[in-house]
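Asks: Would you be able to build a 3D model of this:
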Amino acid sequence: MIMSQGSLARWTAPAGAWTKPDLHMFPQDGHRYEIVDGSLHVTPPLDDAHEAAVRALVTTLRGAAPPGWWVCARQGIQVGASNLIPDVTVLRPHSSGSTWTHPADAALVVEVESAPSRRYDRLLKPALYADAGIPRYWRLELDVGEPALHVYVLESSAGYTHERTVRGVELTVLDAPYPVRVAPSSWV
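Replies: Down below sits the predicted model:
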């Protein structure tokens, strides 16, 4: 609920858990507002390097996508009582196209790691994506000297297993969610 007194805008938290409709009260100010099991999580605006990497990933994945596949930046995914916003989402053909995608529509989610999101991208979000049954998770590290793309595959109830790490400017072919050539150093 937003309350206004003069030129100062104030808001109050909901009486119970945060829900998807509560996300509509936040401004489009560059922060990322997500709900994890009814708790609000806010990530500060990200820098130009992060945004450039997201654009490059989207371009790379769209360029390789077979007909009918969708590659989206910041497509919301509703996972039970959580509303998550990956940096990049690859949606299967015939996906619903709704604002908040069902996890079954997602073939791949990608997080571009930054200092404020490091633990969130390494620990919490992969666990939530795995619980939702999203088969592939990629995490791009930018601040490790040479960018590194960490590729994970869902292994039943055990969560994600690290499949490989890709570095450098040499094109490397990954086979899922569809064949795509990646070169993480070219994305920055």
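
Asks: so what pLDDT did the residue lying closest to residue 168 once chain neighbours are set aside get?
Replies: Nearest in space to residue 168, with sequence neighbours left out and distances taken as CB to CB, 6 or more residues apart in numbering, is residue 185 at 5.4 Å. Any C-beta I mention is one placed from the backbone N, CA and C, and that applies to glycine too. pLDDT for residue 185: 93.

Asks: list the contacts for residue 185?
Replies: 146-147, 167-169 (CB atoms under 8 Å, 6 or more residues apart in numbering).

Asks: With neighbour count and secondary structure added, can I get these in a markdown table?
Replies: Shown next, in a markdown table, are the contacts of residue 185 (neighbours: other CB atoms under 10 Å; DSSP: H, G, I helix; E, B strand; the rest coil):
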| residue | neighbour count | secondary structure |
| --- | --- | --- |
| 146 | 12 | coil |
| 147 | 24 | coil |
| 167 | 16 | strand |
| 168 | 15 | coil |
| 169 | 11 | coil |
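
Asks: still on that earlier bit, and the residue nearest to residue 168, how close does it get to residue 169?
Replies: Going from residue 185 to residue 169 by CB to CB, to the nearest Å gives 4 Å.

Asks: in the helix or strand that contains residue 52, what's buried?
Replies: Residue 52 is part of helix 48-64 when elements are defined by DSSP states H and E. Using 16 or more other CB atoms under 10 Å as the test for burial, helix 48-64 gives 50, 53-54, 56-58, 60-61, 64.

Asks: Out of those residues, which is nearest to residue 102?
Replies: Taking CB to CB as the measure, residue 102 sits nearest to residue 61 out of the buried residues of helix 48-64, at 19.8 Å.

Asks: For that closest one, which non-adjacent residue is spatially closest?
Replies: In space, residue 61 is closest to residue 71, 4.4 Å off (CB to CB, 6+ apart).

Asks: Residue 42 touches residue 33, doesn't it?
Replies: Yes: using CB atoms under 8 Å, residue 42 is in contact with residue 33, at 5.7 Å.

Asks: Compare the two (neighbour count), which wins?
Replies: Applying other CB atoms under 10 Å to residue 42 and residue 33 shows that residue 33 carries more neighbours, namely 19 against 10.

Asks: Can I take it that the more buried one is in a helix?
Replies: No: using DSSP: H, G, I helix; E, B strand; the rest coil, the assignment for residue 33 is strand, not a helix.

Asks: Pull the number of nearby residues for the nearest residue to it once chain neighbours are set aside.
Replies: Residue nearest to residue 33 in three dimensions, not counting chain neighbours: residue 26, with 4.8 Å by CB to CB, 6+ apart. Neighbours of residue 26 under the rule other CB under 10 Å: 14.
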